[in-house]
Every structure is written in structure tokens, then in C-alpha cells.
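Student: sequence unknown, structure follows:
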């Protein structure tokens with residue numbers, strides 16, 4: 001993650017198969033470093049299939065009282081956590 005991505009509230013993970021998972025944070029959680037750090041830990045802990053990462057993020061959001069909106073476009077899965 002570059003400083004610009006961090007400032008923009010974007011976390012990107014490229015999986016071994018070349019697919020990517022991009023996570024953006026909604027305005028109400030974008031300034032919460034604990035949420036961002038937890039998301040990074042979830043993403044790294046779920047390394048494997050794209051579905052594993054997506055499910056880990058959705059589970060984290062639900063357990064934290066947040067929502068995770070997911071969309072898939074080609075080689076990229078986008079998740080918005082709010």
C-alpha cells in the first residue's frame with residue numbers, strides 16, 4: 001500500500017494467481033486506523049483463493065457491526081466496508 005492509497009482509504013492485495021482484491025472504506029470508518037489495520041490482517045491471513053479473502057472481509061465487517069459490499073469485475077474484486 002502506498003502512502004497515496006492509504007490517504008485515499010484504499011487497500012489492495014494481489015493474489016498469487018494474479019487476481020486483485022481492492023478494499024475501500026466508507027466515510028464513517030475511513031479515519032479509524034483500527035478498522036484499517038484489522039482489514040489488512042484479515043486480508044493477509046486469508047491469502048489463498050479470492051473467495052477466502054472476500055469471505056474473511058465480509059465476516060470481519062459483520063462481526064464489527066459494519067457492512068461489506070462486494071462487486072467483481074474481471075480480475076478484480078472490489079469491497080467497500082462501511
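Tutor: The structure has been received and is ready for your questions. As the structure is a prediction and not an experimental result, all values here were calculated from the model.

Student: okay, CA-based contacts and neighbour counts for the rest of this
Tutor: OK.

Student: just list whatever residues bridge to the residue most central in space within the chain.
Tutor: What sits nearest the mean C-alpha location of the chain, by Cα atoms, centre = their mean, is residue 23, with 3.4 Å. For residue 23, the beta-bridge assignment (DSSP bridges) gives partners residue 11, residue 79.

Student: that one and residue 12 touch, don't they?
Tutor: Yes. Between residue 23 and residue 12 there is a contact at 6.3 Å, judged by Cα atoms under 8 Å.

Student: report the contact partners of the residue nearest to the centre of the chain.
Tutor: 10, 11, 12, 78, 79, 80, 81 (Cα atoms under 8 Å, 6 or more residues apart in numbering).

Student: in the residues you listed, find the pair that's most separated.
Tutor: Among those, the pair separated by the greatest distance (Cα to Cα) is 12 and 81, at 13.4 Å.

Student: tell me which of these two has more neighbours.
Tutor: Shown here are residue 12 and residue 81; by other Cα atoms under 10 Å, residue 81 has more neighbours (25 against 19).

Student: how close does the more buried one sit to residue 38?
Tutor: Residue 81 is 12 Å from residue 38, where distance means Cα to Cα, to the nearest Å.

Student: now swap in residue 67 and tell me
Tutor: Distance from residue 67 to residue 38, by Cα to Cα: 14 Å.

Student: do the same with residue 44
Tutor: Noted for residue 44: a distance of 10 Å to residue 38, by Cα to Cα.

Student: how about residue 61?
Tutor: 10 Å.

Student: residue 57 too?
Tutor: 9 Å.

Student: which of the two has more neighbours?
Tutor: residue 57 (27 against 14).

Student: what's in contact with the one helix or strand the more buried one maps to?
Tutor: Secondary structure from DSSP states H and E places residue 57 in helix 50-63. Defining contact as Cα under 8 Å, 6+ apart, one finds that helix 50-63 is touched by 15, 19-21, 39, 42-43, 46-47, 67-68, 70, 77, 79, 81.
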